[in-house]
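Undergrad: kindly generate the corresponding structure for this input.
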Amino acid sequence: MSIQQLLQSLTERVSASASVKNVYGDAVVVGGRTLIPIAQVRYAFGGGVGKEHDSEGGGGGGGRASAQPYGVLEVTPEGTRFIAFDDRQGLGIALALGFVLGAAVVAMMGRGGSR
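TA: As a prediction, the model looks like this:
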């Protein structure tokens, strides 16, 4: 099997498993709204062949696919809009909470060390 055939086979197998439909399912109809899931899908591939002197060589390859929720497309009789799954607010809250808890621990340790 040539490197080109190997990568083609690998690409077909990985891309079939990491589609938005396979990850999130079909569109959902609720009332007069249709919600279509949107995902960010990433692929990475690599492969190589080797040849030792005049003998047949070996080959190998690998690949990876990942998908993350990205948002939803909402279709209504009034129009269509994209709703992003943006977790910046949650991240900001977690960072602020971590800072406050860290400051509280430092303050408590300071009191305990002065006695």
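
Undergrad: how about low-confidence regions in this protein?
TA: The model of the chain has pLDDT under 70 over residues 1-3, 6, 14-25, 52-55, 87-89, 112-115.

Undergrad: please repeat the previous calculation with a cut-off of 90.
TA: Applying pLDDT under 90 to the chain flags the ranges 1-32, 36-73, 83-115.

Undergrad: mind listing the helices for it?
TA: Shown for the chain, the helices assigned by DSSP state H span residues 3-17, 20-24, 88-113.

Undergrad: I93: what's it in contact with?
TA: I93 is in contact with no residue at all, counting by C-beta atoms under 8 Å, 6 or more residues apart in numbering. The C-beta positions use only the backbone N, C-alpha and C, and glycine is treated the same way.

Undergrad: do you know how far it is from Q40?
TA: 23 Å (C-beta to C-beta, to the nearest Å).

Undergrad: before we move on, what about G32?
TA: Distance, G32 to Q40, using C-beta to C-beta: 28 Å.

Undergrad: who has more neighbours, those two?
TA: Shown here are G32 and Q40; by other C-beta atoms under 10 Å, Q40 has more neighbours (12 against 9).

Undergrad: ok, the nearest residue to the more buried one once chain neighbours are set aside - how many residues close by?
TA: Using C-beta to C-beta, 6 or more residues apart in numbering and skipping the chain neighbours, the partner closest in space to Q40 is Y70 (4.5 Å). Neighbour count for Y70, taken as other C-beta under 10 Å: 16.

Undergrad: for Y70, what are its contacts?
TA: Here Y70 is in contact with I38, A39, Q40, A84, F85 (C-beta under 8 Å, 6+ apart).

Undergrad: next, count neighbours for G63.
TA: 16.

Undergrad: an error on my part: the question was meant for T80.
TA: Neighbour count for T80, taken as other C-beta under 10 Å: 10.

Undergrad: does it touch E74 like I think?
TA: Yes: using C-beta atoms under 8 Å, T80 is in contact with E74, at 6.9 Å.
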